[in-house]
Every structure is written in C-alpha cells, then in structure tokens.
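could you look at this predicted model? Sequence included:
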Amino acid sequence: MILRNTIANGQLLLLLMLLYTSEYLCSGKTVSTEPLAVALPEPRAYLPDAQNLDFVYHDHEELTRFLRATSARYPNLTALYSIGKSIQGRDLWVMVVSSSPYEHMVGKPDVKYVGNIHGNEPVGREMLLHLIQYFVSSYNTDQYVKWLLDNTRIHILPTMNPDGYAVSKEGTCDGGQGRYNARGFDLNRNFPDYFKQNNKRGQPETDAVKDWISKIQFVLSGSLHGGALVASYPYDNTPNSRICRSSALCAMFQTYSAAPSLTPDDDVFKHLSLVYARNHAKMSRGVACKSATPAFENGITNGAAWYPLTGGMQDYNYVWYGCMEITLEISCCKFPPAYELKKYWEDNQLSLIKFLAEAHRGVQGFVFDPAGMPIERASIKIKGRDVGFQTTKYGEFWRILLPGYYKAEVFAEGYAPREVEFVIVEQHPTLLNVTLQASKRVEGVGAGGPSFYRPMQAPQHYRPGAPPYAAAASNDNGILSTISNGLNSLYSNIFG
Ligand SMILES: *[C@@H]1O[C@H](CO)[C@@H](O)[C@H](O)[C@H]1NC(C)=O
Ligand SMILES: *[C@@H]1O[C@H](CO)[C@@H](O)[C@H](O)[C@H]1NC(C)=O
Ligand SMILES: [Zn+2]
C-alpha cells in the first residue's frame, strides 16, 4: 500500500505483479497456478512391507508374479502392460502407477524409469519394484505421494534386459557377464545416435523401447545403472569421439576426454542431476567408488566428460523426443549381495520420488487452432535452446525450465508461426496456452515453414548418418583444435 504512494515504486510493484502472476500477455496466454509440490510436506521415509516384497533379488517369474499381484490388488492405482519381449521371450513389463493408470490425464505429464538395461546391474531393478510397492501402499497416507500420483502418470520398466539378468551372478561387482542381451549386444549402445552413425543392428529390447517412447510423450526419465555412484546427464556422445582411432591416439585422447559435450538445456540437466544426487544419502558427496575411479563433484557429471559413448539411450530420448532422461548410477558394486538392498532403498527412496516431481517444473500448456481445437505435432522451441519438441494429439506440451524469462517459438504446418514470452517462477509451473492463426500464405504449405525457423525434424525423417560437422570432425590435425571447433559447431550447427 505504502509503495503505491510513489510513482517509481508503483511501477516497480506493477512490474513485479506482472512477472509473478505471469499475466504478462504478450501474445500467448499465461496464468499462475496453485503452488504444487513445494507446499507439501516431504515424502515420508518408508520401508516397503517385507511380506509383500522382501529385500531379495527377484528372478523373472517372481518379478512377474509381484507385478501381477500388485495390479490385481491396486486396480485403481496401477496398470500392467508389456512393451514387447526379450530375445528369449521374457516380457518387458511396464507398471503404470497413477490415480489414472489406464488413461493419460490431459494436461498432466507422463514420466518413466527404466531399470536393468545392463542385465548385471540389478539394484535399480529391485529399487523400482520397491518404488511401486511404496507408491501403492502410501497413496492414502502420504500427501506427497498422493499429489504425485494424482498429477503424474509414472511408467516403470523394472528390467529392460531380463535375459542378461538371468545369466548374471549376485556378488559380482565388476565385469561384463550378463551386461548384454542374449545376442551379446550392449543395449545402451544400441540406439540411433545424433553424433555418429550407429551401425549396430537394432535389438528387440531396444526396438520395444523406441516404439514405447514414440507413442507416449515422456517429459522426464531416469535410467538406472550400477558400477558407480553418480547422476550423469546428456550428451553421452560428442562430435569428436571419432578422432580416437588408434590406441596411440586414444591414449592421448584420454587426457582430453574430460571435454564435456553440453546440451542447450545444460542448466536443466545439471539441476535434475543435482535433485537426484542431493536427495540421495551420499551421492552428492562425490566420493570415488575406489581409488582408481573418478570422484564426481557434487555427485553429477556430463556423460561425455566421464567417457563418450555412441548409441546411448539418454541422448536418444532427448534429441529425438525432448524427453529429459538422465543416467543414475546407484551402486559402486554392479550386483551387490541381497542383504545390502535395504540400505540401497534407504539411500535412494527420496531421490527416486523427488526426481519425478521435477516434471512439474517449468512451462506447460496447449496449442490450439483459431476454433479452439488442439493442434497435434506443433513444434515448439525455447529460444536459445535449439532442441525442438512437439505437441501431443491433445495439443499439450511440457518443458522443464528453471526460473527466468523465456521466449518460445511455436510453429505448425499451415499456421503462422508465433513467438510467445513467458516467465518461470520457482513456486509453480507456468501455464501457457497458445492459439495459432491459419497461415496467410496460400502456396507453399509443406515447404518446411518460414525460413527463420526450421523446426527439428520429426524423428522418422531424421538421418543419423549426416550430422552437419561429420567432415570437420574427421580431421586429425590437432586434437585440441578439433575438440573446440567441434564444440563450437555443435552449438551453431547441431540443430540447424
Ligand atoms: C476403485 O475406485 C472405485 C471408484 O472410485 C471404487 O468404487 C472402488 O472401491 C475402488 N477400488 C479399490 C480396490 O480401491
Ligand atoms: C488452457 O487450455 C486448457 C485446455 O483447454 C484449459 O483447461 C485451461 O484452463 C487453459 N488455460 C488458460 C490459462 O487459458
Ligand atoms: Zn550400466
């Protein structure tokens, strides 16, 4: 009240009100929403009931039995489906946990966890079974869990590599037995790659996941591994990894392999990784697993800065679908003895749940045509972060963003492109509905849109074999200059 007495302060107040209520209607329509997760009490520490799910490793039959029994017991909170079968015919089960398990809730995000992509890293597989049990048994008693399940559809694939698991050995901390699928393929090297052509033959397990994520627009994802204690974020690959061709070059390259390969959403990926690490009992301390392995500051790392790899799942999720996936290495020992599982659950429980709540940070909304009908596959690009993402068939979109001022470009074939400004605050997501007007141009529909903005190609049109800088990166003259040139061209050229 007092502030309004002076013009200057009045203007300041008005500006603050505009910013913080997000009703700064430049060309889109934004409103603030009720505070969500931040206003809730922390999820409670909870040990799953040993009668329903003990802290032991579950083989495929036991895992299947647990999932079936849980979906029968909690029909209003869970749905069980299979996205395909492994080479040896084991189902790749996905359990949805949500207050709307059978149907996508329009306007609310779908998120996922994937466990056990490496068959001999099964701590995540067990953690995900316990997470399911924790969710269903806490829904009526824990406000945080209830809020999360009421506002999110959580898809949990406890094992992506059941065949590998079947030949793994409890107590084996290192090594490769059981890492691969039944044909010997490393599934986390089996996805199309943005940076390099991946010639590995697509495996049924990978194909099932690709098909799955093409049908559901996941906003956020975690892939659970073992063998280290760190949250690792994209990119896993770099345009420069091809310079390491001979062992002499590779030895030299080791020195420089600390060069990170950063996405335009690096701030968000670091934040998501920190949410996991800081809510974990010890990950953020960044203590090395053993003396010969790296210590990670704050328990997080860029994937390529740790070691570059081609065909990884997280880069694929992000580049093809805008899904923010990170890799969670949750046990120094790949396959620790079962008696340690309870401890792993206690260490990871809070991280696993708070990470998922991050899907509610940032901007979300709808794209409509002038008649108010949703526009499917409209492309949206946040200015300054050139990775496109698309609306669902209901016209919905989500983007996880940290507090700040942003501009989005919205484009759909046959409509005039539009630029929309909005503000993100810490306390709640920003809701943003955008109406596109039909394009005035009579000719040229389908020509790829206006020249100032080329939206990211739909995944099926994408040609992994032809990144724009492939030629430059194959030049061996001067490793350091290649690395820095590569990173520069990454920023300027990668998404054209
Ligand atoms: C599921 O929801 C329906 C409708 O709300 C209710 O009648 C039923 O009792 C619930 N079932 C269980 C097992 O909670
Ligand atoms: C945006 O559109 C959705 C779906 O029609 C609607 O429920 C919501 O109230 C709208 N929000 C605003 C701010 O107009
Ligand atoms: Zn792994």
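Noted; the coordinates are in hand. Ligands and ions are numbered 1, 2, ... in the order given.

check what pLDDT the closest residue to D267 other than its chain neighbours gets.
Spatially, and ignoring its direct neighbours in sequence, D267 is nearest to L402 (5.6 Å; C-beta to C-beta, 6 or more residues apart in numbering). The way it works is simple: take the backbone N, C-alpha and C, and place the C-beta from them, glycine included. What the model reports for L402 is a pLDDT of 97.

next, L402: phi, psi?
Main-chain torsions, L402, degrees, to the nearest 10: phi -90, psi 160.

over to L220?
According to degrees, to the nearest 10, the main-chain angles of L220 amount to phi -150, psi 150.

who's it bridged to?
V111, M324 (DSSP bridges).

list the helices and strands the helix or strand L432 falls within packs on?
In this structure, L432 is located in strand 430-435 according to DSSP states H and E. Contact analysis of strand 430-435 by 3 or more C-beta pairs under 8 Å, 6 or more residues apart in numbering; DSSP states H and E lists strand 29-31, strand 363-368, strand 404-411, strand 418-424 as its packing neighbours.

how about those in JSON lines, adding mean neighbour count and distance to ligand 2?
Supplementary listing: the helices and strands packed on strand 430-435 in JSON lines, determined by neighbours: other C-beta atoms under 10 Å; distance: least, C-beta to the nearest ligand atom, whole Å:
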{"stretch": "strand 29-31", "mean neighbour count": "17", "distance to ligand 2": "4"}
{"stretch": "strand 363-368", "mean neighbour count": "24", "distance to ligand 2": "5"}
{"stretch": "strand 404-411", "mean neighbour count": "18", "distance to ligand 2": "14"}
{"stretch": "strand 418-424", "mean neighbour count": "19", "distance to ligand 2": "11"}
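
any chance of a markdown table for the ones you listed, columns distance to ligand 3?
As requested, the helices and strands packed on strand 430-435 are exported to a markdown table (distance: least, C-beta to the ion, whole Å):
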| stretch | distance to ligand 3 |
| --- | --- |
| strand 29-31 | 41 |
| strand 363-368 | 32 |
| strand 404-411 | 34 |
| strand 418-424 | 33 |
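
lowest-confidence stretch among those strands?
Set side by side, the helices and strands packed on strand 430-435 differ in mean pLDDT, and strand 29-31 is lowest with a mean of 44.

can you pull the poorly scored residue ranges out of this protein?
Counting by pLDDT under 70, the chain shows low-confidence ranges at 1-39, 50, 241-258, 441-496.

circling back: direction included, what does the strand holding L432 pair against?
In the sheet, strand 430-435 lines up against strand 29-31 (antiparallel), strand 363-368 (parallel) (DSSP bridges).

buried set for the following helix or strand past the first one?
The helix or strand immediately downstream of strand 29-31 is helix 60-73, counting by DSSP H and E. The neighbour-count check on helix 60-73 (16 or more other C-beta atoms under 10 Å) flags H60, L63, T64, F66, L67, T70, S71 as buried.

packing partners for helix 60-73?
strand 78-85, strand 91-97, helix 123-138, helix 162-166.

next one: the residue of the stretch 201-350 of the chain found nearest ligand 2 from W398, what distance?
Per C-beta to the nearest ligand atom, Q217 is where the stretch 201-350 of the chain lies closest to ligand 2, at 16.1 Å. Relative to W398, Q217 is positioned 8 Å away (C-beta to C-beta, to the nearest Å).

G299 too?
Distance of G299 to W398, given as C-beta to C-beta: 26 Å.

do V319 as well
Between V319 and W398 the distance, using C-beta to C-beta, works out to 17 Å.

of the two, who's got more company?
Residue environment comparison for V319 versus W398 gives the larger neighbour count to W398, 29 against 26, counting by other C-beta atoms under 10 Å.

quick one: contacts of the helix or strand harbouring the more buried one?
Secondary-structure element containing W398, defined by DSSP H and E: strand 396-399. With C-beta atoms under 8 Å, 6 or more residues apart in numbering as the test, strand 396-399 has contacts from 106-107, 109, 217, 219, 322, 359, 362-367, 374, 378, 380, 382, 389-391, 408.
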